[in-house]
Structures are given as structure tokens and as C-alpha cells.
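Visitor: Here's my sequence, what's the structure:
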Amino acid sequence: MVRYNKVIELLEQGKPVFCSGLVWNGALEDLAFVSDSDYDMTIIEMEHQDFNFDKLRMSLQFLLSRKKIADGGSLQADPAPFVRVPPNFREQNQWVLKQALDTGVYGLVLPHLNTVEDAQAAVVAARYPQVPGSADFEPEGERGWWYRIAPRYWGLTPAEYYDAADLWPLDPDGNMLLIGIVEEPHGVENLKDILREVKGIGAVWAGPGDMSVAMGHKGNAGHPDVQANLLRILETCKDAGVPCATGATAAEVPMRLEQGFSIIITSPEKTTHGLEEGRRIAGR
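Guide: Okay, the predicted model is just below:
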């Protein structure tokens, strides 16, 4: 069976996943750079700006690489495109998740995962209704059916896409991945219950930015109390057998891998060496 989602394939093999984050929606040159790199996945950013589905559809085209498809000999997405959508879990805006999935992305990154109810609502919104009597019928999905763009982007017939696009690991053969960001102390406290009761959350992102604000540290993501909560998230995920993601600088990558994070989010770097050298010589 072809694993259309490279991220799921790597996680099933126990291998780390390297993700570029975050690329602004519509930043076509940046997306082309990521596509030509060795990243396994990328997250297109729509939470804080550019909430625009037309831009998202265009962005996905620039992640396609004919060469990688030909060299790989399969329809596996490389890199696998994800999108971070604006609504917090608790808002339960099904239409946003539905229209994001209908563009052809291979997974969603959903902010502020705090409760079992929030997580269950996201799973229901991202799943198609299942065949009555199937083993994984529950929770019954409510994703609306639209058969045009997403199946074509995946290179599948609508019927093939229906089978492929179910949520992993709720459906072991599914190729769609939901990543919830735990970024508040409330979510940390409830994470054990969430992962025990909601099997459609395929991975968790331990988010330090909003965590620092929620804890009163005003964006200081490196604060020891913030970092301690990230490690609590990681340990809860390990206990539940759920992959855990976090961001890392190049210097932090060895530490995060040693700690056991499964998905490492690193940003491509833009350098200004020429500018810096010129200013040095000019005394500026």
C-alpha cells in the first residue's frame, strides 16, 4: 500500500520527521525552496495572516515537484503539505477545516488544544462519514463531500481519496494527520485524557510561544517553567504512544531528538552576510 502521507510513513517507522515552519500562505518563492529541499513536511501559515483559500490552493501547486514524483515512483507527497488554520479548537468552526481540507492538504495544524471536547469536535469535522458497520465507524464524521480539487491534487479518484483521506491512527490505513497544538497550561493538564479518549489526534505540537504568554512570561519561550511544560507534554505523548512535535533552532536539534521529539520544526534561514560585511568595512 502506498503511504500518500510521507509524515505518517516516517512516524510508523519510528524515524524523526523534519518540518519547515512556518511558511506564509502565498510566499511562492519560499514554498518552492522548501519543495526543492529535503524537508519531509511543511506547514503553511494561515492562523495569523493570509487566511485565503485561493492563495492556499496556489501555494500547494508550488510544493509539487515533478522530479521528486518521478524519482520516487509513487504519488507520495514530498514534502507533505499541512496548513495551520485560524480557529482555536474550542471554536469548532467546521467550515474552516472543511474548506482547508478541500484544497488538498495532507493534514491540519489546529491551535489551542485544551479539552477532550475540543479534540473530538476537530476529529468529527475532519472525517468523512464512515460506511455503516465499519470497525472504525465512531466517531461519525461530518466532513462535507466535495470531489473535485483534493482528490485531483492527491492524484486519486474521488473514491480512492475517500478511503485514503481518513484520519490516522484512528484508521490505521488513513493518510490524513491532525496535529493539535498544546500551548496553554489548561491543555497540559488535560492532555492525558485527550490522548486516551480521542484517537483521531495523530500528533501533538508542544507550543512554547502562547504557553509563555498564558503563564505570564510575555513571549519568553525559553523560561524554565515554559520549557518544563513542554517536557510534560512530551512525556504524556510518550506514555500514550503519540508523536510529539516542537520547534528547534539548529543548535537545539540534537537536544530535541535526544529528548524524544518525533517531529522537529526548523525554519529555513535567510542570511545577510554581504550586508554585514559591508557595514563592518564601512564602519557602520
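
Visitor: any low-confidence regions in the stretch 151-284 of the chain?
Guide: The model of the stretch 151-284 of the chain has no residue with pLDDT under 70.

Visitor: Would you map the helices across the stretch 1-150 of the chain?
Guide: With DSSP state H, counting those that start in this stretch applied, the stretch 1-150 of the chain shows helices at 6-12, 28-36, 53-61, 66-72, 94-101, 116-126, 149-154, listed in chain order.

Visitor: Which of those helices has the lowest mean pLDDT?
Guide: For these, mean pLDDT drops lowest on helix 66-72, to a mean of 92.

Visitor: May I see the buried residues of that helix?
Guide: For helix 66-72, a neighbour-count test (16 or more other Cβ atoms under 10 Å) marks nothing as buried. Glycine gets a C-beta too; all of them are placed from N, C-alpha and C.

Visitor: Run a quick neighbour tally on residue 127.
Guide: 24 (other Cβ atoms under 10 Å).

Visitor: Surely residue 178 is within a helix?
Guide: No: going by DSSP: H, G, I helix; E, B strand; the rest coil, the assignment for residue 178 is strand, not a helix.

Visitor: Would you enumerate the residues in contact with it?
Guide: Contacts for residue 178 (Cβ atoms under 8 Å, 6 or more residues apart in numbering) come out as 107, 108, 110, 122, 123, 126, 167, 200, 201, 202, 203.

Visitor: and if we set it to 10 Å?
Guide: With contact set as Cβ atoms under 10 Å, 6 or more residues apart in numbering, residue 178 has these partners: 82, 97, 107-110, 113, 119, 122-123, 125-127, 167-168, 170, 198, 200-204.

Visitor: ok, now how distant is residue 214 from residue 47?
Guide: 16 Å (Cβ to Cβ, to the nearest Å).

Visitor: Which one of the two is surrounded by more residues?
Guide: residue 47 (20 against 17).

Visitor: what does the model give that one for pLDDT?
Guide: 97.
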